[in-house]
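Sequence and predicted structure, then a few things I'm wondering about:
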Amino acid sequence: MKKAFEKGKELPPNRIPFSQKTLLRLERFLPQFEHNIHQYRDSVLSQTRKNRDYYEIVKKARTYLTHFIKVMNMAVYRGELPAETRAFFGLATDDSTVPFLNTENELLTWGRRIIEGEEYRIKKMGSPITNPTIAVVKVRYGNFLEALNHHKALYQKTQEYSDKIDALRNEADEIILQIWNDVENAFASLPDEQRKKSCEEYGLVYFYRKSETAKMKSAGNESKEGQAG
């Protein structure tokens, strides 16, 4: 489309192989289409760059939450805390298994449960778990929440641009088809190679099928044999 538009702007109206209506449609449509494509690519690039930082923050939040539960279980095992301590965190009193924290939802659920459970337990029992303290865990969890919201916002932004491009593709396809048909019709009387060359100046791209490529090679070889003879 861009090539056809640029070529069309260089020529007087009577020499353009497609209508002025199509040229005006291109002039209106192209900036909008290109803008959304550029914004989408920039958004994808930004999302890719931020992903590494995001997953590092997720990893740290998971590590601190997991370590907190392990430290609590060790304290129960040594008799420093009663087994009922686990109930504050939504865990079975006879189960020392660390809950799965593999997904974002699991981190969200268990992070909130552990923080609220420890804060309530301190009010009831007065002996905080240390190394890490819940204050440190809360900082890591807060970093995760902030990063998650930013991550979702970037994803949403990228998806919005993608949806806009998809919505414009139907019109883009219509314009391309119109240009293709008009340009081919305009140069239809020219010899095959000259016709293709003229059409390509307006952005038409021809791809040969395997059978066509083989046929062209065969014709080329026969021509060389004829010349040699």
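Done, it's in.

got a list of what the spatially most central residue of the chain touches?
By CA atoms, centre = their mean, the chain has its centre lying nearest to V44, at 5.2 Å. The contact partners of V44, taken as CB atoms under 8 Å, 6 or more residues apart in numbering, are T158. Using the backbone N, CA and C atoms, a C-beta is placed for each residue, glycine as well.

what do you get for I114?
Applying CB under 8 Å, 6+ apart to I114 gives the contacts L65, F68, I69, F89, I134, V137.

Could you measure from the first one over to E201?
What that stands for is L65. According to CB to CB, to the nearest Å, L65 and E201 sit 62 Å apart.

Could you do the second one as well?
Distance from F68 to E201, counting by CB to CB: 68 Å.

Could you do S96 as well?
S96 is 74 Å from E201, by CB to CB.

Looking at the two, which has the bigger crowd around it?
Shown here are S96 and E201; by other CB atoms under 10 Å, S96 has more neighbours (16 against 13).

Please verify my assumption that the more buried one contacts N73.
Yes. Using CB atoms under 8 Å, S96 makes contact with N73 at a distance of 4.5 Å.

intersection of neighbour lists for those two?
Common neighbours of S96 and N73 (CB under 8 Å, 6+ apart) are R86.

Give me the neighbour count for T85.
With other CB under 10 Å as criterion, T85 counts 21.

meant to ask about P82, not that
Counted by other CB under 10 Å, the residues lying close to P82 total 12.

In which helix or strand does the residue lying closest to it once chain neighbours are set aside reside?
Nearest residue to P82 in three dimensions, chain neighbours excluded: V76, at 7.2 Å (CB to CB, 6 or more residues apart in numbering). Taking DSSP states H and E as the criterion, the element that holds V76 is helix 20-77.

how distant is stretch 37-56 from the center of its chain?
Relative to its chain's centre, stretch 37-56 lies at 8 Å (CA atoms, centre = their mean, to the nearest Å).

same question, stretch 67-87
On CA atoms, centre = their mean, the centre of stretch 67-87 falls 42 Å from that of its chain.

May I see the buried residues of stretch 175-187?
I175, Q178, I179, W180, D182, V183, E184, A186, F187 (16 or more other CB atoms under 10 Å).
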